[in-house]
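Colleague: Could you work out the structure for the sequence below:
(chains A and B)
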There are 2 protein chains.
Amino acid sequence: MWLLNAPPRDLLDKKHGFKLTDDWLARAQKGSVRFNSGGSGGFVSADGLIVTNHHIAADALAKLSTKDKDYLRTGFYAPTRKQELKCPDLELNVLEEIVDVTDKVTAAVKPEMGPAEANAARRAILSKIEKESTDKTKLRSDVVTLYQGGAYHLYRYKKYTDVRLVFAPEQEIAFFGGDTDNFEYPRFNLDVAFFRAYEGGKPVKPRHFFKWSATGPQANDLVFVTGHPGTTNRLDTLAKLEHRRDVTLPYVLNRLRAMEALLLQFGAQGPEQARMAAKDLHRVANARKAFMGQYQGLLSPAILARKAEEEKELKKKVGASPELKKAAGEAWSRIAKTEKAWAGFERQYYLLERGDAFDGELYSIARHLVRLAAEKPKDNSERLREYRQSNLESLELRLFSPAPIYLELERARLAGALSFFAEQMGGRHPLVTKALAGKAPADRATELVNGTKLRDVAERRRLAAGGAKAIAASEDPFIVLARSLDGEARALRKRFEEEVEEPERQAMGQIATARFKLLGASVAPDATFTLRLAFGVVKGYAVDGVELPYTTTFGGAFERAEKQGHREPFVLPTRWRDGKGKLDLKTPCNFVSTADTIGGNSGSPVLNRAGELVGVNFDRNRHGLVRNFVYTDVQARHVAVHSRGVLAALRALYEADALVKELTASSGS
Amino acid sequence: MWLLNAPPRDLLDKKHGFKLTDDWLARAQKGSVRFNSGGSGGFVSADGLIVTNHHIAADALAKLSTKDKDYLRTGFYAPTRKQELKCPDLELNVLEEIVDVTDKVTAAVKPEMGPAEANAARRAILSKIEKESTDKTKLRSDVVTLYQGGAYHLYRYKKYTDVRLVFAPEQEIAFFGGDTDNFEYPRFNLDVAFFRAYEGGKPVKPRHFFKWSATGPQANDLVFVTGHPGTTNRLDTLAKLEHRRDVTLPYVLNRLRAMEALLLQFGAQGPEQARMAAKDLHRVANARKAFMGQYQGLLSPAILARKAEEEKELKKKVGASPELKKAAGEAWSRIAKTEKAWAGFERQYYLLERGDAFDGELYSIARHLVRLAAEKPKDNSERLREYRQSNLESLELRLFSPAPIYLELERARLAGALSFFAEQMGGRHPLVTKALAGKAPADRATELVNGTKLRDVAERRRLAAGGAKAIAASEDPFIVLARSLDGEARALRKRFEEEVEEPERQAMGQIATARFKLLGASVAPDATFTLRLAFGVVKGYAVDGVELPYTTTFGGAFERAEKQGHREPFVLPTRWRDGKGKLDLKTPCNFVSTADTIGGNSGSPVLNRAGELVGVNFDRNRHGLVRNFVYTDVQARHVAVHSRGVLAALRALYEADALVKELTASSGS
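Modeller: Below you'll find the predicted structure:
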């Protein structure tokens, strides 16, 4: 997961005889797209066409759907521009430039400052750098913390907020095999969707886009993945990993299982409830499986033993140099101490400050409105990070989104979350009592959801425009709730920032600096949902002595459906069953490579040496779930949709002539 | 939930003008059957025919099924005795006699004894009473602790272990609506199954059985439920209820959700895996819903406020009498103190001693073998309760059961449980480390399951026969595991018995005695999975202004299937869809009454004034979930299959002529 401004040129040359040129790199960078809803994608035509995964498009598909038109389930195709559907709140980002601002940030935080002062100083300098950049370039500007505090880079993005849906297949083929096959291989998923970016009402003409390869990859091909891996923990200290294993993940898994059970039960009530819950259910089940994979990785002695060994080695080297010892010798024990403190209020932080106790759209809206009113009047440098000037536009896009909010689902999610809050804190805890206001969770959720007007975008705008006065005067039950708990939530936020985040950032920065000095920049920073370049080789692998080939075929999908007795989630769409005869069953469907990916990489372009798009990454296998902690390529693989398979399906089954024409007309850039 | 030896004669007479005769009571008692797998039933013919629920028969149905014959799903019917299928390990009990032994037990436990000594003395006297009774009467003899320690009654049962399956419908109609409709109403479930008890190779001729009513109940009928409610907590002190809310249930819910997620994922892998997991999945999902209902009840301020008020009243009255104050004045605070101590090791107890950390059949077998070898040589009075002489036969019936054990499912359950163990205790806890033996959960589970021979009944018998020597010499990985953890598990058991169970039994006994003195025996003891008599009135109820009638019809089932788009679990069996024309759609299907039931009552006969069976209880509605803590009859109802509906379905759809003939030939006793 290499930085685009520190690409592995030597490694690629040495290992694969590939000369990474500036042109190749510029296209990889500017042809790649970040979906701010949580994924990746890439430009694939001169007219702003963008490919991503169906499951990354799911958020937009669900928001565009109604009781009668369920695009998430049944798919969508706009043969003409006019028929494309504008997404209510989708923001795409294209990385234009990276500037190293480490020195500026480091200079602002003086060694003599205490944690509170240091945290304030750091927040101020970050917001200042971002605002100056936005003012100057008009680009979205985010300072990204790399190496958990070892470096700070300013990322400037071109932003697209007029994004329209062009094509999505049926969920049955996009997510064939469902939760069962998620994080598994062999796979048979047409997990793609197409959007088009607009500006000024016209399709964007991107400077760079990827030519769609008609052949796709071959075995042993070198391939690249350009996308936005979300989070990894490879540089975390042993203390942090143990904390993750023993404190964070047990909580996270319990919560995800509670949410999944609730959403399953909600969706089981009827077809319309199933539609309402589908998007959240997929998100939660996927997270449950990914986090359980992480947890299993941390219970695997091999992984922690390796981590312990690496840490011991590094500490030894640091200890051997008086200069490094002075600068970083105490960092590990300081982190261990910090983690211990964090364990004392982490769950409360998640429940109250992150809002786990009030799961749903409405509370999230209320909280933003309450905080916006308090933060906006402050100087930019003093605001909570998410309300900094340079982020407000993106925040308001979501806050004032006309996307539907289902009251029935909101009631169920909120009741479940309030109940989980009580499970975690005890039924008599003052915060629980305050949140429940003398009612059982279901009654309290009903009271809140039935009494609010926040589903109405105009009401949200009215409250936001009215500022602190409007918020103070509001009797909307969600606003009242968010207001009444804001003091406690902010106190937890402050404790986290000053007692955990800032001390750890400092200590991790010291470790990173020591590592640079000892080992050079040989290690890429952990993932931060920013653009990274990964590379690998297209090849199969063996499980229990069974060789799995690098690619699957359409025929395999039909075989798997047959073997599973055509029961959900192994039911192929009618279009596929009826159209089987029109397909060459030997057409490649999905393939795997050893390239390094993680959640957030969904929808990432997979490129060949020529910079052509040969696939769309959509998953990794279960052996890849430990990649949060270590990169391995023995059995770990990412899984991608094959570019040739996409064309074949679009041609034979979807009669998407215009789309095929646009994809195949592309001459590259 | 009245005791059969203290029936509510006056109440019935006063409220319903019903004179409860000794004959009526004798039939109610001896016609009723306990399913030791966890449910109730009743004799319904002179030839030993027994009715229960399909979901109570599920354990036996699953154990009789194979890959090719899935009786649990597709049903079963034996038109002749010869075709009936013998269940591998089903034990039925019929209550013959109750003897009050409170004085004997109380006399054995001296006031001056410390908790350890008192616990040993109590254990000894209970085992002695039971053994003497078994030796004398040849009947299964259990001393039941009533009022949490306020009274001790000896229950003598006739035991049947040759039980054969006669009839079960398809699961699709028995459990129509699945988890979604579970604990809901209106319902449309043919949740019945029939067995026949044999003795000496011949059908049992029971002295008492219930005549099958061809008409069933009418609105406002007085009805009785005779069955075996499992557990209620109505007499628990406030401290115990709060402990349940804040300590026990959060753990239980977390565990059930983890198990349910695991079983769902296991079953989703393929039709055969779905079959293997079906029984456990139903059990776990049902428990999750029931416990969640309990939890919601305990979060409902009305319920705990009422409990607090009642407790305050009782304490006041106790305080007002010097004699009672001396005897019981400290009881509440002692219980509160005890609960606090319990919170310190309760989870460890569940994980290690109850075996939550090693979920599955194989570990349970290994643990019993290890403990049997240690306990059998001891004097009967000193053994752990479950190994007392009078219980050995029942224990060995299950231990040496030839019922299938699915290694694939065992691996998955064990891996999940080991992982949950780590979640609860931390990955570095010495017990977790010991259990995992240096491996990740899945690898450890594979090692254990692949290495064991305990699936083989002969091997179990060999180890049991070999006693302590064979156990000590065994290298079976499950035996080694159970052996290596037995010290820690026993230590937890000892702490529980001496620091929690015994002190609470004493304190609860004091409270119960005080309550008897102040209020008489006006309150029935909490449920103990022993025979109880409940009564109520057949009537509908209103929810949010909508009146729900007391009965549903077959037609309603077809309507609900239609409305749900015939998606699972709302798919009616082919037999029903094809046979719709043969049914009178107005035939009553299910009905509700206000009678008091709880889990364990499943399969209970519902009787009319004449002692005829008018229904088979199978569920309660969600308003009834709080009945663990308080009885209410405003909206709370139990749900039963209508006796007329059963006959109609058997006649029209199942062509079960012999069964219908046997049911309608019955003249009662």
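
Colleague: State which helix of chain A is the longest.
Modeller: What stands out as the longest helix in chain A, according to DSSP state H, is helix A:271-299.

Colleague: average model confidence for that one?
Modeller: Averaging pLDDT along helix A:271-299 yields 95.

Colleague: same check, this time on stretch A:246-259
Modeller: The pLDDT scores in stretch A:246-259 average 98.

Colleague: returning to that earlier point: give the other helices and strands that the longest helix of chain A contacts.
Modeller: For helix A:271-299, the packing partners by 3 or more CB pairs under 8 Å, 6 or more residues apart in numbering or on different chains; DSSP states H and E come out as helix A:54-64, helix A:71-74, helix A:178-181, helix A:249-267, helix A:407-425, helix B:407-425, helix B:441-451. Placement of C-beta: from N, CA and C, glycine included.

Colleague: and A:Ala557, what helix or strand is that in?
Modeller: Following DSSP states H and E, the helix or strand that holds A:Ala557 is helix A:554-563.

Colleague: what's next to whichever helix or strand comes after that helix, contact-wise?
Modeller: Once the chain leaves helix A:554-563, the next helix or strand it forms, by DSSP H and E, is helix A:574-578. With CB atoms under 8 Å, 6 or more residues apart in numbering or on different chains as the test, helix A:574-578 has contacts from A:170, A:172-173, A:557-558, A:583, A:653-654.

Colleague: got JSON lines for the helices and strands packed on helix A:271-299, with mean neighbour count too?
Modeller: Below are the helices and strands packed on helix A:271-299 laid out as JSON lines (neighbours: other CB atoms under 10 Å in any protein chain shown):
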{"stretch": "helix A:54-64", "mean neighbour count": "25"}
{"stretch": "helix A:71-74", "mean neighbour count": "21"}
{"stretch": "helix A:178-181", "mean neighbour count": "19"}
{"stretch": "helix A:249-267", "mean neighbour count": "22"}
{"stretch": "helix A:407-425", "mean neighbour count": "23"}
{"stretch": "helix B:407-425", "mean neighbour count": "23"}
{"stretch": "helix B:441-451", "mean neighbour count": "19"}
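
Colleague: which stretch among these comes nearest A:Ala239?
Modeller: Among these, the nearest to A:Ala239 by CB to CB is helix A:249-267 (14.8 Å).

Colleague: anything in the closest one near chain B?
Modeller: Yes: part of helix A:249-267 sits near chain B under the criterion CB under 8 Å from any CB of the partner chain, namely A:249-250, A:253-254, A:257-258, A:260-261, A:265.

Colleague: Report the angle between that helix and helix A:271-299.
Modeller: Here helix A:249-267 runs at an angle of 160 degrees relative to helix A:271-299 (axes from the mean of the first three to the mean of the last three CA atoms, to 10 degrees).

Colleague: Please export the C-alpha coordinates of helix A:249-267 as PDB.
Modeller: This file holds the C-alpha atoms of helix A:249-267, laid out as PDB (Å, rounded to 0.1, in the frame of the first residue of the first chain):
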ATOM      1  CA  LEU A 249     -12.800  -6.200  19.200                       C
ATOM      2  CA  PRO A 250     -14.900  -8.000  21.900                       C
ATOM      3  CA  TYR A 251     -17.000  -4.900  22.100                       C
ATOM      4  CA  VAL A 252     -17.200  -4.300  18.400                       C
ATOM      5  CA  LEU A 253     -18.100  -8.000  17.700                       C
ATOM      6  CA  ASN A 254     -20.800  -8.000  20.300                       C
ATOM      7  CA  ARG A 255     -22.300  -4.800  18.900                       C
ATOM      8  CA  LEU A 256     -22.200  -6.000  15.300                       C
ATOM      9  CA  ARG A 257     -23.900  -9.200  16.200                       C
ATOM     10  CA  ALA A 258     -26.600  -7.300  18.000                       C
ATOM     11  CA  MET A 259     -27.100  -5.100  15.000                       C
ATOM     12  CA  GLU A 260     -27.100  -7.900  12.600                       C
ATOM     13  CA  ALA A 261     -29.600  -9.900  14.600                       C
ATOM     14  CA  LEU A 262     -31.800  -6.900  14.800                       C
ATOM     15  CA  LEU A 263     -31.600  -6.100  11.100                       C
ATOM     16  CA  LEU A 264     -32.300  -9.700  10.100                       C
ATOM     17  CA  GLN A 265     -35.400  -9.800  12.300                       C
ATOM     18  CA  PHE A 266     -36.500  -6.400  11.000                       C
ATOM     19  CA  GLY A 267     -36.100  -7.500   7.400                       C
END
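
Colleague: List the contacts of it.
Modeller: A:273-274, A:276-278, A:280-281, A:284-285, A:287-288, A:291-292, A:294-295, A:298, A:346-347, A:350, A:356, A:359, A:409, A:412-413, A:416, A:420, A:423-424, B:179-180, B:253-254, B:257-258, B:260-261, B:288, B:423-424.

Colleague: so what pLDDT did the closest residue to A:Asp486 other than its chain neighbours get?
Modeller: Closest residue in space to A:Asp486, ignoring its immediate chain neighbours: A:Val370 at 5.8 Å, by CB to CB, 6 or more residues apart in numbering or on different chains. The per-residue pLDDT reported for A:Val370 equals 98.

Colleague: which residues touch the nearest residue to A:Gly603 once chain neighbours are set aside?
Modeller: Spatial nearest neighbour of A:Gly603, excluding adjacent residues (CB to CB, 6+ apart): A:Thr52 at 3.4 Å. With contact taken as CB under 8 Å, 6+ apart, A:Thr52 is in contact with A:33, A:35, A:39-42, A:192-195, A:602-603, A:616.

Colleague: next one: phi and psi at A:Thr52?
Modeller: Note on A:Thr52: backbone dihedrals following degrees, to the nearest 10 are phi -150, psi -170.

Colleague: same check, this time on A:Asp544
Modeller: According to degrees, to the nearest 10, A:Asp544 has phi 50, psi 40.

Colleague: Across the sheet, point out what pairs with A:Lys159.
Modeller: A:Asn93 (DSSP bridges).

Colleague: How much space separates it from chain B?
Modeller: Applying CB to the nearest CB, to the nearest Å, the value for A:Lys159 to chain B is 39 Å.

Colleague: quick one, phi psi at A:Gly17?
Modeller: The phi/psi pair for A:Gly17 (degrees, to the nearest 10) reads phi 60, psi 30.
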